[in-house]
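Asker: Quick one, fold the following:
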Amino acid sequence: MANTPEPGDADFERRLNDSTGTVAEFEYAPRGFIGTVQHVLHANPTYVPVIVLVASIAVFGAIAGERFFSPFNMTLIMQQVSIIGILAAAQTLIIITAGIDLSVAAIMVLMSVISGKLAVQMGVPAPIALLVSFAGGIGAGYLNGWLVTKVRLPPFIATLGTWNIFFALNLWLSGAQSIRGADIDANAPLLKFFGNTIEIGAARLTYGTVLMVVVFAALWYVLNKTAWGRHVYMIGDDKEAAELAGIRTDRTLRQVYMLAGFICALAAWASIGRVGSISPQSFFEGNLQSITAVVIGGISLFGGRGSIMGALFGALIVGVFQSGLRLAGVDVLWQVFAIGWLIIIAVAIDQWIRKVSA
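Answerer: Next up is the predicted model:
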């Protein structure tokens, strides 16, 4: 048997010095250009939609020329995406928590019907009718949050069910009848407030567009500058770890759904001004369009990653594509085809970015 080194032995001291004086070294393979881009996009996911938006504007500007870059067309794009943009803001809150809300558009339409029925058909003062709709939006969001946190239903299933419930209530309350713009003007013009325009030279912005920007700015501050916002991201990234860190995850999730419901009620008010009337069957595809804006905006469907501003850029990208293709004379069918490819590419890029090595 070999002799065991003991203190005082020269060989023992040499080995001890070697073991304590040598620091382990690791070799890192160079990332290369693609790897560097992957890391940059992983750290700044909003860069993707910004790049796509700028490239889209450049391409369609080259194709359609001055008509595309006219102040009228630029502001028209903003007007067209304002309602879906606000819904996308609400959807983003849910998706950041690794959930999804299929009922945002149904909540919006239901709240517009409630405010219209109260103010136009029942003679309730418009401010009170709007407050009732805000409370209704918060209540609808609470129901979604309760189903997710207390009943433990997957968000997809919970909101799929409430989408049907809210849509049925919408048809029941309205009698499947629209409320005409002339009746709104005569009885509750405040409901159409966000349809008013601000003229800046040849550009015309609606108050609804301004509301969309304000909503995104407020949510950006809340999500990035407050403890509550950090908790929301932590829940989406790893709910169990968030609970171990002392975050009351279920309460925060309910608050997220309630805030999303309130934003949907704001969208309801803005939608009346945008459309000019109240239809129980309007914005039927709003749920999917809001998810489209969020996905194209670089916000991960797996939760915990992405900037709220990405949803705004995503909505603008869809608006730019639709406007550019329309000015280029492309059929509506192929406009939908192009948006479908945008969604697939956006999700593929998100999957690629998430595979970044540490």
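
Asker: Excluding sequence neighbours, find me the nearest residue to residue 313.
Answerer: residue 49 (3.8 Å; CB to CB, 6 or more residues apart in numbering). In this view, the C-beta of every residue, glycine as well, is placed from N, C-alpha and C.

Asker: for residue 160, same thing?
Answerer: Nearest-residue entry for residue 160: residue 102, 5.0 Å, with adjacent residues in sequence omitted and distances by CB to CB, 6+ apart.

Asker: Quick check: the one you found vs residue 155, distance?
Answerer: Summarising the geometry, the distance separating residue 102 from residue 155, computed by CB to CB, to the nearest Å, is 9 Å.

Asker: what helices or strands is the helix or strand hosting residue 315 leaning on?
Answerer: Take DSSP states H and E as the rule and residue 315 turns out to sit in helix 308-327. Contact here means 3 or more CB pairs under 8 Å, 6 or more residues apart in numbering; DSSP states H and E; on that basis helix 308-327 packs against helix 47-64, helix 66-69, helix 71-96, helix 207-225, helix 286-296, helix 332-354.

Asker: export these to JSON lines and tack on mean neighbour count and mean pLDDT?
Answerer: Formatted as JSON lines, the entries for the helices and strands packed on helix 308-327 read as follows, by neighbours: other CB atoms under 10 Å; pLDDT from 0 to 100:
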{"stretch": "helix 47-64", "mean neighbour count": "17", "mean pLDDT": "86"}
{"stretch": "helix 66-69", "mean neighbour count": "14", "mean pLDDT": "85"}
{"stretch": "helix 71-96", "mean neighbour count": "25", "mean pLDDT": "93"}
{"stretch": "helix 207-225", "mean neighbour count": "18", "mean pLDDT": "96"}
{"stretch": "helix 286-296", "mean neighbour count": "25", "mean pLDDT": "90"}
{"stretch": "helix 332-354", "mean neighbour count": "14", "mean pLDDT": "81"}
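
Asker: And those helices: which comes nearest residue 259?
Answerer: With CB to CB as the measure, helix 71-96 is the member of the helices and strands packed on helix 308-327 nearest residue 259 (6.2 Å).

Asker: So which elements touch the closest one?
Answerer: With contacts defined as 3+ CB pairs under 8 Å, 6+ apart, the packing partners of helix 71-96 are helix 104-116, strand 203-206, helix 207-225, helix 227-237, helix 249-275, helix 286-296, helix 308-327.

Asker: Looking at those, spot the one closest to residue 151.
Answerer: When the helices and strands packed on helix 71-96 are ranked by proximity to residue 151, the top entry is helix 249-275, at 11.4 Å, counting by CB to CB.

Asker: What angle do helix 286-296 and the closest one make with each other?
Answerer: In this structure, helix 249-275 runs at an angle of 110 degrees to helix 286-296, with axes from the mean of the first three to the mean of the last three CA atoms, to 10 degrees as the basis.

Asker: And the contacts of stretch 255-267?
Answerer: For stretch 255-267, the surrounding residues in contact (CB atoms under 8 Å, 6 or more residues apart in numbering) are 83, 86-87, 89-91, 93-94, 97, 101, 104-105, 107-108, 111, 133-134, 136-142, 144-145, 148, 211, 215, 228, 232.
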